[in-house]
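A.B. asks: let me see the structure of the following:
(one chain, ligands or ions: 1)
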Amino acid sequence: MPKTMIEPFRIKSVEPIRMTTREERVRLLEEAKLNVFKLRAEDVLLDWLTDSGTGAMSSAQWAAIMLGDESYAGARSFFRLEAVLKDITGMAHLVPTHQGRAAEKVLFSAVCKQGDVVPNNCHFDTTRANLEFNGVEALDLVIAEGLQPSLIHPFKGNLDLEKLEDLLKKEGHRMPFGMITVTNNTGGGQPVSMANIRAVSALLKKYGKPFIMDVCRFSENAMFIKLREEGYQHKTIKEICQEMFSYADGCTMSAKKDGMVNMGGFIMLRDDRWLDAVRNMLILTEGFPTYGGLAGRDLEALAVGLVEGMDEDYLRYRLRTAEYLGEKLEAIGVGFVKPTGGHAVYLDAKTVLPDMPVEHYPAWSLCNALYLEGGIRGVEIGSVMFGKHLDDGTETYHSMELVRLAFPRRMYTQSHFDFAAEVIADVKANARHIRGVKITKQPKYLRHFTCECEWA
Ligand code: F0G
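C.D. replies: Numbers count the residues shown, from 1 in each chain. The predicted model follows:
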């Protein structure tokens, strides 16, 4: 059997991408205030800003679009999606939202109050922001190994059980629920083991706290469990997913990831204790309970996508893609979060720019350099995203300076990855010319999306 793992699909519809010159890219980046979020997508060659909502839908999903029932209330498409999700999660209640952060907003504003605390392995930026917006303290309790980029551990997304128990003992009265994110996006797309999910669930139960999972990338997490955790080699992905969900009381999902759609999200709840409050908030901000923030056709495409996302051949190729780029980075001496995650590779900017002071935002600067060198757009996960500009004018910084290259699903082929590795090698070779930045304008929340910068 040949060793090369091929893309397990063929291409039916193509979308051209365009190479620009270096001079053009310098001008375009400066016009974008040195913030790649402000670039036009058509000026990007490999758009690895995010794996969220950017993937290719299958022919079966496009066919399902035509079956969308656009009735305001009680649409057939809702019940089709509900059946799929009940089967995978074992939970009774589906609350569709237009994307993940809407699910977060609806759930948190219905259930949390000022002064609460919510632990997670690592909160994603919108999760943290939605909690903080409701006056809730968002705590990251990932295991210590999860914060060391070069350290190899099979489940770096695991939550530190001792820290969780400590928090439950001391601050339990402030905790409306506990969370875990699969895979741990902020910590490198790293998986959480079944044993850890089971233990977190048991611990929360012991203290009478509900367990909510952020399940954007549940299928990728299940594939890691199958590959790395004793006792799961012979289980199907769906069986593993069903077990993962069996430990939770509810979940939020951005379906733009493992739901294989361009837009969508939902909340699932096992019982009805929060259902009225959640649905009231849904009606206020999203829509009627059987469509939430989505069209009937979106619900149909998602019902198909959730099942396709659990396909084992696809998941093997998916995880192998990131691993393949990781092997190339290893060969050129660029550090990255190891082992590679499910949906992305996270470059460790400190290994390319060891001498750049953190005040010049090394990961942001590396991100800009990748665009200038080869038209590649990644995203900074460092001190611009997670640092804060305090009211007294001082700054806080993030513990890691990472650039995430996140891969849209079923979109790019092996030669795109070979090209990217060459670009990254060139960036490393010319690292002494990379310039840092300073922020000249920023909003209070989620500043990375819209901040403006100048060369430092
Ligand atoms: N939770 C996690 C773990 C996420 O990765 C995201 C989105 C969300 C929640 C919010 O979902 O975007 O549909 O509102 N992550 C994207 C990313 C944006 O690029 O990682 P959303």
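A.B. asks: now the single nearest residue of the stretch 201-350 of the chain relative to the ligand: phi and psi?
C.D. replies: Minimum separation of the stretch 201-350 of the chain from the ligand (CB to the nearest ligand atom) falls at residue 254, amounting to 3.1 Å. The C-beta positions use only the backbone N, C-alpha and C, and glycine is treated the same way. The phi and psi values for residue 254, taken as degrees, to the nearest 10, are phi -90, psi 110.
A.B. asks: right, and it touches residue 216 too?
C.D. replies: Yes: contact criterion CB atoms under 8 Å: residue 254 and residue 216 qualify, at 4.6 Å.
A.B. asks: kindly report the residues of the stretch 351-456 of the chain close to the ligand.
C.D. replies: residue 406 (CB under 6 Å from any ligand atom).
A.B. asks: quick check: the residue of the stretch 351-456 of the chain nearest the ligand.
C.D. replies: Per CB to the nearest ligand atom, the residue of the stretch 351-456 of the chain with the smallest distance to the ligand is residue 406, at 5.9 Å.
A.B. asks: ramachandran angles for that residue?
C.D. replies: Main-chain dihedrals, residue 406, degrees, to the nearest 10: phi -100, psi 140.
A.B. asks: quick one: name the residues of the stretch 151-300 of the chain near the ligand.
C.D. replies: Residues of the stretch 151-300 of the chain lying near the ligand (CB under 6 Å from any ligand atom): 181, 185, 214, 216, 254, 256, 265.
A.B. asks: restricted to strands, list those residues.
C.D. replies: Judged by DSSP state E, strands contain the following of those: 181, 214, 254, 265.
A.B. asks: can you lay out the residues you listed as TSV showing pLDDT, neighbour count and distance to residue 349?
C.D. replies: Below are these laid out as TSV (pLDDT from 0 to 100; neighbours: other CB atoms under 10 Å; distance: CB to CB, whole Å):
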residue	pLDDT	neighbour count	distance to residue 349
181	98	27	23
214	98	26	26
254	98	29	26
265	98	30	30
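A.B. asks: okay, which residue is most central for the protein?
C.D. replies: residue 185 (4.6 Å; CA atoms, centre = their mean).
A.B. asks: what are the phi and psi values for the closest residue to it other than its chain neighbours?
C.D. replies: Leaving out its chain neighbours, the residue that sits closest to residue 185 by CB to CB, 6 or more residues apart in numbering is residue 124, at 5.3 Å. Main-chain torsions, residue 124, degrees, to the nearest 10: phi -70, psi 160.
A.B. asks: now swap in residue 258 and tell me
C.D. replies: Dihedral angles of residue 258 (phi, psi; degrees, to the nearest 10) stand at phi -70, psi 0.
A.B. asks: pLDDT wise, what is it at?
C.D. replies: Reading off the confidence values, residue 258 has pLDDT 98.
A.B. asks: quick one: it and residue 302 touch, right?
C.D. replies: No: using CB under 8 Å, residue 258 is not in contact with residue 302; the gap is 10.5 Å.
A.B. asks: isn't residue 215 up against residue 180?
C.D. replies: No: using CB under 8 Å, residue 215 makes no contact with residue 180, being 9.3 Å away.
A.B. asks: which residues are in contact with each of residue 254 and residue 216?
C.D. replies: With contacts defined as CB atoms under 8 Å, 6 or more residues apart in numbering, the residues shared by residue 254 and residue 216 are 52, 100.
A.B. asks: partners of the lowest-mean-pLDDT helix or strand in the chain in the sheet?
C.D. replies: Scoring the helices and strands of the chain by mean pLDDT, DSSP states H and E places strand 388-389 at the bottom, with a mean of 88. Next to strand 388-389 in the sheet, as set by DSSP bridges, lie strand 395-396 (antiparallel).
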